[in-house]
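# kindly return the folded structure for what I paste below:
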Amino acid sequence: MKKALCGLKQAPRQWYERFNNFLLSKGYAKGVVDKTLFIRKHASDVILVQVYVDDIIFGSNNNSMCEKFVAAMQGEFEMSMMGELTYFLGMQVKQLKHGTFLS
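Numbering: from 1, shown residues only. Sure, this is the predicted structure:
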């Protein structure tokens, strides 16, 4: 029983390490302050990927970058899309054409 529980404790670390190595190999850089934030820039386009426990939140100023990210992730990991972000850490997120609002 102890071995099984210890294995479960290590599984999230192993998953994060695999995820981390995968994104770094794709040209993403880790955030300086927040090590669970990954950033990739291409010319004036940028994509941000944030990991929180077992959720991945991402966004970009270029839809093509988001589509490529989803395709790469689904090719490497079992991943399901939950749709547009509406709540995160107790905050309501409202996305409009001219900006994103938190409340």
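
# only C-alpha atoms from now on, for both contacts and neighbour counts.
Noted.

# for Met1, give me the pLDDT.
At Met1, the pLDDT value in this model is 43.

# the one 5 residues further on too?
Per-residue confidence (pLDDT) for Cys6: 50.

# Leu37: neighbouring residues, count only.
Applying other CA atoms under 10 Å, we find 20 other residues in the vicinity of Leu37.

# next one: Phe22
Look at Phe22: counted by other CA under 10 Å, it has 15 neighbours.

# how about Val49?
Neighbour count of Val49, defined by other CA under 10 Å: 20.

# I'd say it and Ile57 touch.
Yes - between Val49 and Ile57 a contact is recorded at 5.8 Å, counting by CA atoms under 8 Å.

# what stretches of the protein score poorly on pLDDT?
Residues of the chain meeting the criterion pLDDT under 70: 1-10.

# re the thing from before, which neighbours do Val49 and Ile57 share?
The contact sets of Val49 and Ile57 do not overlap (CA atoms under 8 Å, 6 or more residues apart in numbering).
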